[in-house]
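Asks: I need the structure of the sequence given here:
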Amino acid sequence: MILPLTGLLIGALLGAWRAKRHGGGTADMAQWGAAHALALGILGLFLLLLLSRLGG
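Replies: Residues are numbered from 1 along each chain as shown. Modelled structure (predicted):
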């Protein structure tokens with residue numbers, strides 16, 4: 001259960017950092033953070049499902 005949550009957190013931080021690096025404002029940082037959080041959260045979910053299937 002921790003992998004999708006970790007993906008959400010890392011994705012939000014990464015997206016906000018990338019938006020700020022490109023000169024974006026608060027709304028840009030929120031949008032990029034949300035998009036990255038969704039992407040990495042879904043990736044973490046698939047990784048969790050794969051590990052649970054292979055593990056037993």
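Asks: just the strands in the chain please.
Replies: Assigned by DSSP state E, the strands in the chain number zero.
Asks: In it, where's the longest helix?
Replies: Longest helix in the chain by number of residues, with DSSP state H as the criterion: helix 26-55.
Asks: and it, average pLDDT?
Replies: Helix 26-55 carries an average pLDDT of 97.
Asks: next one: that helix to chain centre, how far?
Replies: A distance of 4 Å separates the C-alpha centroid of helix 26-55 from that of its chain, computed with Cα atoms, centre = their mean, to the nearest Å.
Asks: Give me the buried positions along that helix.
Replies: Neighbour-count burial for helix 26-55 flags 28-29, 32-33, 36-37, 40-41, 44-45, 48 (criterion: 16 or more other Cβ atoms under 10 Å). Any C-beta I mention is one placed from the backbone N, CA and C, and that applies to glycine too.
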